[in-house]
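Peer 1: Next come a sequence and a model predicted from it.
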Amino acid sequence: MNYIEFTVFLLPEIVLLVTALAVIGIDCARRGKAATGAGGTLASASLCAAGILVAALIILIMPQEGRIAGGMLVLDPLTRLFKLVLLAMTLVAVLMLMETRPVRHVGENFAVMLFAAIGMMLVVGTEELLVLFIGLELTGISLYVLVGFARSDIRSAEAALKYFLFGSVSAAFLLFGLSLIYGFSGSTELGEIGVAMQAGGMEPLLAVGLVMTLVGFGFKVAAVPFHLWAPDVYQGAPAPAAALVASASKVAGFFILAKVLLLGFAGAEGGAAWGGFQPGWVPLIGVMAALSMVVGNLAALVQNRVRRLLAYSGIGHAGFMLIALMAATPAALASVLFYVVIYGLTTLGAFGVVTVVLRAREGDRLSDFAGMSRQAPLLSFSMLIFFVSLAGLPPLAGFFGKFYLFTSAMGAQAAPGGQPGMLWLVLLALVMSAISLYYYLLVLKQIFFVEAAEGTPVIRASKTGTWTCSILAAATIVLGCYPGILLGPIRLAVGAAF
Amino acid sequence: MIEWTFISAFAGAAVLLLLPPHRKMLARIVALAAACIGFGIALAAFFLFERGAGAEPFQFVVERDWIPALGIGFHLAADGISLVLLLLTGVIAITGVLFSWNIEKSPKQFFALFLIIIGGAYGVFVSFDLFLFLVFYEIVILPKYLLIAGWGSTNREYGAMKLTLYSILGSALVLAAAMAAYVVAGLGSFNLFELAGVAYAPAFQAWAFPMMFLGFAVLAGIWPFHTWAPTGHVAAPTAASMLLAGVVMKLGAYGALRVAMPFFPEGLEQWRIPFAVLAAIGILYGALAALAQRDLKFVIGYSSISHMGFVLLGLLTLNTLGIGGAVLQMFSHGIIAALLFAVVGRMVYDRTHTRELADLGKLRLSRALPFAAVTFTVASAASMGLPGFSGFIAELTILLGAWDSIPLLLLLVGPGVIITVAFTLKALQASFFGDNTDSPGTVPALPPISAPERVGAIVLMAIALAVGLHPTPLLDLILGSFDSALMSSLLK
Amino acid sequence: MDMSAFPFLSLLIVLPLMGAVVTVMMPRNRPHIAQRTALGFALASLGVTLVLWSLFDTGSGALQFVERVSWIPALNADHFLGLDGLSLLLVLLTALVIPFALAVPVPASDTRNVYYALLLTLQAMITGVFLSLNFVQWFLFWELSLIPAFLLIKIWGGPARTAAAYQFFLYTFVGSIAMLLGFLALYLATGLFDFIALAELARTNGLAEALGERFAFRFASETLLLIVFGAVFLGLAVKVPVFPFHTWLPEAYTQAPIGVTMVLTGLLSKMGLYGFLRILLPVFPEQIQAMQTVLLALAVATIVLSALAALAQTDLKRILAYSSINHLGYCLLGVFAVVTVIEPDGGRLAGREAALSGVFLQIFNHGLTASALFCFVGFIETRSGGLRGVADFGGLRKVAPVLCGLMGISLFSSLGLPGLNGFVGEFLIFKGVFSLNGWAAVLALPGLLVTAVFILRILASVFSGPLNPDWRAFPDLSVRERLIVAPAVALMFLIGIFPAPLLNLFNETVIITFQLMP
């Protein structure tokens, strides 16, 4: 065990930690002065941004690759890429935090965001159950705090409590499941667990462990029927926190879920082709995917608040991604990872816009978006891009993402006679995706075609907000036209990892 | 060079979005310029296309890598069928801009969306990579919605949403079948020619064909999934109605012809008759429904269903005349429907603010707007399929094809044609030649028909007439396309 | 210069079209200028037609002045115009009737330039029908003639014009679609749209064979050909019209303005008859033979029933409308009788010739007489303020002797009085039909008698009798009006007394037509 090696491998996380502590320190030092002032926000935000950038730079230039301590820390192209993605998303969340109304102890808010980022980076960068669990918990606890940060808002508190209760129960399930799997395989390392599973059979206790693990992850990625926390959290949490929950946390969750399933549960897939059912985790995921798509998209149809709408649509998107996970191939994994990044980017952007609207109109009902296109044209255009990408229309990234996702899924589990076995799920997904356009259009209709009522406050976006959203929108367009920019590295990295 | 058709349209859209909002005239000119450039390129391609024995069936080929990981290429080409539809798109682009010259509400956004649809249509007609095709095919969905919801008239939000959802549900079916074909073929390539060359298992074709064909046919307005079309066309602003009926419905028919049918010949064989029956019912039903309408724009909306029924029927005859006629009908109906919508939406409705036949009849329109009356009379004659206009040659060839292939369906089609005459005549006399047409008395003062409208109408009328009287250039181009392996595989 | 190379026939079609364009551009507030322009073009057409007549070689039954250019090679459709005796006869009639119709008064309207232009357009289409020898081109003119006719009735017609115009268009169109579908089947089987080639093929029995090969499903090839024949027959029968497809006619004739009614009865009905002679007889002779009894019965019904219907009418226009159907019925009788199978020794060959010549002549005469009669009704109507019931008048002879005299001559011509044009045609038809199908001729005779009754009734109750006091100031024909009708009345006498030039014109065509028959 070489501590220097540890330190080097964890250098980005350490940088973030130091930054977080520094932010808290400055916050303490300024206490007594106007702790809620804009100056404090700006200082903390700049510091955080600097820390994130330094961490990202380190990841980029760090020469080391490899696994240490039995997979506790893994550094390969894939984990590096996703750490970068997570950092980028956190950066956006930090910038969004600047846009929200300042609360007391704003520095703590920034710091906790960084803690969450550290947790997610740990999750992404491990192939070992214990570190995985620690990372998840660190992320979880940070996010509970973030969600409840708007102390004066009862909804924020409610959301935090719900999130906390659901989260801790899910953590318990996960821990129990993981311990059963450890008991079965005698190892906490994913690769060895996979080997053991392929050697053994589907024993009852293992099956219980498998189900429990999936339940635990189901909470994390907000898949039906473990999704109930999501709408309240998205709705109640301050927008930047919700954005982080919706994007980065989801990316990390899917990343590790995929890794656990593909590495650890290899050999216990089973089958979910129409008429070709076999026990294993694939049918379980299949049920979750189908339910998520249907419930998420149908429930989103009737939402009147944009954040709830985004929550339900997020549940639907989780369903889409789960489909491709069922394919259980590296190619399909690449499609899931591509999609989750795109989804994260667009959701983040959408929350960015919601943040601006919330600040101006103090609400996120559909009608609060009325007349936005006249007051903030660039922001409205960005929202159009995000939503249309989420709906999966070309030439935006979401279209290619879905296309790739569903094609990968279609290729899996060939039924007798060479027919694509998962056609039923893909068809369901396509139809649900088509339906999703309806509710996205409802919001866009308000933005573009409904005039703001007399006396509604004018939406004014700050430069930072506008630029952040515009850059995200531009990225969505560019990635839609040239998906190779992101797809190439992901495929390379996946190829290297598997 | 063929790629410049859609590049010019998209570039035009981009330029428009960057213009300052108050430069309205500049926006119009930019839009017109972009439309003219696109048409010019299509026209140049039409003339440069090598014809005759020994000429390559697919010319102007562009092949570049795009997303090599999935075997997706930037693969463009054009044969006679593509060229005819490119020309149609170009004409509709120009005339659409001319008929929207008076738009005062955010013209730059309006024209930008308009040009995006045009660009998408160009793209569809020249794409020979399945993924690229689908990208262009779906690009048009959102601008359609925005155009209708933003600039439409009666019931526009309902019409826009219905149209959009039908479109996207149709393309969901198409996407599913396309992905399945890609996966089952196992070539790791989206090249249309390669995918069409695969012999898919009959059991696979048996469901993949109806799925894909239906997906495309929804956009072409196949009965009973046509209901989006009349409401959408009615709600849309004039240029969008022209574009929807003129070009966008053709995208569906083109997709069916270019993708669904060559991919799954055995599925086609199995499902040909049921779909042909639906098409024939569409001809009759569209005509009957049009006969029952009281709103002039609805009459035209339903007439489009009837005419698109001819296209689908022609495709399913699986002989040169039928399919060739279907392509010609795509062109012809594009022109004629655009003309009809232009008269009703722009010339009449913008001035009278009513489209009820009963109200229009009292306005003595033939006297108040003589130019519009002439245009509508010509368009009606063309729409009825009277000889001398493009529709006649197209329907004639389709009927020939149908006689040869599915003669019993003519029992449905024949009455459909007659009812088409009945409703067109009814609409014509009720709207423009009301009972007081020539009695003395005051003529309501309506703003005169403007120069852009006149130019647009004359262009469309001239084309309908020119193609009707001299269809050979287009017809030979279309029929020449059946020499290629892709198209000749369709013929029985 | 070789005059036969000059595209006279295209010129005949294009000239009125150009006239229409020029006329419509004439000032709206000065209709007389428009009328004179239109008349000028119509007379120019007449001039060209006369030149054509002079150049026409009556000694040859072959097609002359043929123009043939490939038009839509994919459909084997050519621009194919040609002139034989039949075509020339009808083109001549067209060139005569149109200026006549242009000269008569027009209902009050301030868009008369459009009216005249549409009449000229109609002339172009009608001429096209009489000259085209390829189905696609022929059908183009056939269908397009509907549009100007429809608009003319719809805009300038009487109180019930909307329904009349609509009915007129739709009835004709239903027939046309049937005909179109029939021809499409023929084309699929033979690859031909060319009337001449189709007739040639029919003569060698190739038509049924080809159909049988192409559509080898349940029916025998003869049955198929019979179905196709039925479809084509329907298309033509509506246009003539043949009983029971005539119901659109009285309404359309009554509601149309006088000038248009003259064209409808004088020319549009002839389009149908022309179709019978140009298409049905040469292409489907055996089918007509097979169905001869039925067809003759239809012809007889057309003659007798329409005469009876005319008797029951009180409106002058309606009487004349039914009388028009009646006279066309004689032509049908002749056409259907001609195909009667005859022995080669030729006893009844003369019957064929007589019947067919009679039909040709009757076509011309009816066109002339019927349009003249409607013209007179128009004159009466303008004087009576729209009244035209038989009972509304009486004793007009006393106040308007010239009007009554000239109209009387026309009525007698219609009746078939010897010495006037109507007699020759009807006499020849009956002569021929008697020798071919005596029963049909006998059955048709009551038609002649009833015609005499209702025509005499007009004479008696409108012209004679006590003068209706309302019409004491009934003006007689003005000089202008006399000039308008004078040529027509003169022609009635001329043809009645010297039918030879006309007979010569189409004699060869008649001979060729019936010689080709089985």
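Peer 2: Great, that's in hand.
Peer 1: State the number of residues packed around C:Val66.
Peer 2: Close neighbours of C:Val66, defined as other C-beta atoms under 10 Å in any protein chain shown, add up to 15. All C-beta atoms are positioned from the backbone trio N, CA, C, and that covers glycine.
Peer 1: my guess is it is in a helix, correct?
Peer 2: No. C:Val66: not assigned to a helix; according to DSSP: H, G, I helix; E, B strand; the rest coil it is strand.
Peer 1: residues touching it, list them.
Peer 2: C:Phe80, C:Leu81, C:Gly82, C:Leu83 (C-beta atoms under 8 Å, 6 or more residues apart in numbering or on different chains).
Peer 1: Next: B:Arg51.
Peer 2: By C-beta under 8 Å, 6+ apart, B:Arg51 lies in contact with B:Asp476, B:Leu477, B:Gly480.
Peer 1: mind listing the helices for the stretch 51-200 of chain A?
Peer 2: Using DSSP state H, counting those that start in this stretch, the helices of the stretch 51-200 of chain A run over A:77-99, A:106-124, A:129-147, A:154-185, A:190-199.
Peer 1: Would you reformat these as TSV and include mean neighbour count?
Peer 2: Converted to TSV, the helices of the stretch 51-200 of chain A look like this (neighbours: other C-beta atoms under 10 Å in any protein chain shown):
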stretch	mean neighbour count
helix A:77-99	24
helix A:106-124	26
helix A:129-147	22
helix A:154-185	18
helix A:190-199	18
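Peer 1: wait, which of those helices is closest to chain C?
Peer 2: helix A:77-99 (58.9 Å; C-beta to the nearest C-beta).
Peer 1: Quick check: mean pLDDT of that closest one?
Peer 2: Averaged across helix A:77-99, the pLDDT comes to 91.
Peer 1: ditto for stretch C:278-286
Peer 2: Averaged across stretch C:278-286, pLDDT comes to 88.
Peer 1: One more: stretch B:333-351?
Peer 2: Average pLDDT, stretch B:333-351: 93.
Peer 1: what does chain A have sitting close to chain B?
Peer 2: With C-beta under 8 Å from any C-beta of the partner chain as the criterion, chain A meets chain B at residues A:388, A:393-395, A:399-400, A:403-404, A:406-407, A:410-411, A:417-420, A:423, A:426-427, A:430-431, A:433-435, A:437-438, A:441, A:444-445, A:448-449, A:483-484, A:487-488, A:491.
Peer 1: May I see the helices of the stretch 51-200 of chain A organised as TSV, with distance to C:Leu361 added?
Peer 2: Output for the helices of the stretch 51-200 of chain A, formatted as TSV (distance: least, C-beta to C-beta, whole Å):
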stretch	distance to C:Leu361
helix A:77-99	96
helix A:106-124	102
helix A:129-147	103
helix A:154-185	100
helix A:190-199	103
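Peer 1: Let me have the contacts of C:Val66 in a markdown table, adding secondary structure as columns.
Peer 2: Converted to a markdown table, the contacts of C:Val66 look like this (three-state DSSP):
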| residue | secondary structure |
| --- | --- |
| C:Phe80 | strand |
| C:Leu81 | strand |
| C:Gly82 | strand |
| C:Leu83 | strand |
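Peer 1: Among these, which one is most surrounded by other residues?
Peer 2: Neighbour counts for those, by other C-beta under 10 Å, peak at C:Leu81, which reaches 27 neighbours.
Peer 1: and it, what pLDDT?
Peer 2: Note for C:Leu81: predicted pLDDT of 92.
Peer 1: give me the residue from the stretch 101-250 of chain A nearest chain C.
Peer 2: Of the stretch 101-250 of chain A, the residue with the smallest distance to chain C, taken as C-beta to the nearest C-beta, is A:Val224 at 57.1 Å.
Peer 1: dump the residue contacts of that residue.
Peer 2: A:Val224 makes contacts with A:Met288, A:Leu291, A:Ser292, A:Val294, A:Val295, A:Gly296, A:Ile315, A:Gly319, as judged by C-beta under 8 Å, 6+ apart.
Peer 1: Apply 10 Å and report the result again.
Peer 2: A:218, A:230, A:287-296, A:299, A:315-316, A:318-319, A:322 (C-beta atoms under 10 Å, 6 or more residues apart in numbering or on different chains).
Peer 1: Show me just the buried residues among these.
Peer 2: A:218, A:230, A:288-296, A:299, A:315-316, A:318-319, A:322 (16 or more other C-beta atoms under 10 Å in any protein chain shown).
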